[in-house]
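1. Provided below are the primary sequence and the corresponding predicted coordinates.
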Amino acid sequence: MRILLTSPCRPRETETPMDLVPPMPPLGLGFLASFLLLRGYRVKILDNFIYGSNYPHERFFFHRNLLKALKSFQPDFVGVYVDSVSFQNALRLIALIKQNSFCRIICGGPHSSVMPESLPEEVDFVVRGEGEEAILSIVEGKINQRLVSASRIEDLDSLPMPVWQLYSLKRYALREEMYFKQGPVFNLNTSRGCPFACAFCSVPGVWGGLYRAFSAGRIIEEIEFLIKNYNAKGIYFREDNFTADKERVHRFCDGLLSRGIKIPWACETRVDTVDRNLMAKMKRAGCVGFYVGAESGSQRVLDALNKNITVGQIEDFFASCHSLGIITKASFIVGSPFEQEDDRQKTELLIKRIKPDYLSRVVFLGIPRSRLYNYLLENRLYCYQDKNGFLYPYGYREFAYRYYGRRAKRFIP
């Protein structure tokens, strides 16, 4: 039996208000592929996100490569990764698959988890949550219903590594110039779920509230594999909170130091899950940078966002980073429903005090099925809902002009 795993191409700049990151190997599809390969299935990955939809020639390559894969590989099932940002392109992808093959279509990913009702009837199975056990049950014929709620994998170490040889790595930049001087830089995701409940985030709706993570030994094993087989020069842990489990981070750093593995790495974190002692050990073990969501310089807004941090913690975090020579990028949310002009002024003053090396101001949007999305929906505090499901609160356009600039394209589509 053959399974093709694929993803939609990038949306046009005018189709999304989100700041898209450069294409990177789709780790979720890689985990599914390795899980199925171990059980004797034939699997192919076709990542269309490397193609944009801005230019006709890229759309041509997307169509050509998909039709070629359907004809040559002749899959029995096609698994489609669906996120909210690329949802419209996912619908086009699903229609193209249905028009050119008789295979059955399985949709998974964040959007499928939080808004399964938005998937068209051409989709045979919609998976909510983790996909490994669910897709195996589907291809084995054990599932009859369309909506599949996947069971959680408690021991993530039981999963095989993503099948890196199935990625067309030459098509990815494999760079992260903010933190790393040279490449290739590989992104890893070593945990699922988040123990926190920020009101603007949809992660609880995707993974549930249970936090699970790969062990420190497993992470080191994969890093060694990437160094040996792909000459990795950097690792970026692109996940919700790499430092949610401090003891795991301690064991990870101790393992790198004891084995003499010298490779720079960066991670995404919170200001309250890293103390100065841990930060110093991370630095010794190769950590060069942090991406952190500071969100606001107003304690009132931080509390309203259910961030569960203080302005003082933000200041202490960045002071420690500067003293240790760790590169920082701070992200702030502006224009949330609870924010006033004096709150935004407090944010700007905080930015001047903490002096992050890189800065991102993100205009607030209601992300599908987050707590604030539901709040906007229930109280009708939005002026527009786009085709992907994002809610635009009143005043969004003015904030977008203010923070993105009038020539930017991140406005209401």
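-> All right, it came through fine. Numbering: from 1, shown residues only.

2. ok, for Arg128, nearest residue in space, not its chain neighbours?
-> For Arg128, ignoring the flanking residues on the chain, the nearest one in space by Cβ to Cβ, 6 or more residues apart in numbering is Ser113 at 4.6 Å. To be clear about C-beta, it is placed using only N, CA and C from the backbone, and glycine gets the same treatment.

3. And for the one you found, the neighbour number?
-> 26 (other Cβ atoms under 10 Å).

4. Confirm that it sits in a helix.
-> Yes: assigned with DSSP: H, G, I helix; E, B strand; the rest coil, Ser113 falls within a helix.

5. if I look at Arg276, how far off is Ile309?
-> To Ile309, Arg276 is 16 Å away according to Cβ to Cβ, to the nearest Å.

6. OK, contacts around Gly234?
-> Taking Cβ atoms under 8 Å, 6 or more residues apart in numbering, we find Gly234 in contact with 176, 179-180, 182-186, 263-266.

7. Just name the closest of these to Ser151, please.
-> Nearest to Ser151 out of the contacts of Gly234 is Phe186 (Cβ to Cβ; 28.8 Å).

8. Tell me the secondary structure at the closest one.
-> Here Phe186 is strand, with the state taken from three-state DSSP.

9. That one: what's it in contact with?
-> Phe186 sits next to 25, 174, 226, 230, 232, 234-236 when contact means Cβ under 8 Å, 6+ apart.

10. repeat that with 7 Å
-> 174, 226, 232, 235 (Cβ atoms under 7 Å, 6 or more residues apart in numbering).

11. is it true that the first one touches Asn187?
-> No: Leu174 is beyond contact range of Asn187, at 8.8 Å (criterion: Cβ atoms under 7 Å).

12. ok, which stretches of the protein are helices?
-> Secondary structure of the chain (DSSP state H): helices at 27-37, 56-73, 87-100, 110-114, 132-139, 203-207, 216-230, 246-259, 276-284, 299-304, 311-324, 341-354, 371-379, 396-404.

13. thinking again about what came up before, Arg276 and Ile309: who's more crowded?
-> Taking other Cβ under 10 Å, Arg276 and Ile309 do not tie; Ile309 has more neighbours (23 against 14).

14. Correct me if wrong: the more buried one contacts Leu302.
-> Yes: with contacts counted by Cβ under 7 Å, Ile309 reaches Leu302, the gap being 6.1 Å.

15. which regions of the stretch 101-250 of the chain lie under the pLDDT threshold?
-> 209 (pLDDT under 70).

16. can you map out the strands along it?
-> For the stretch 101-250 of the chain, strands defined by DSSP state E, counting those that start in this stretch occupy the ranges 104-108, 125-128, 147-149, 185-188, 191-192, 212-213, 234-237.
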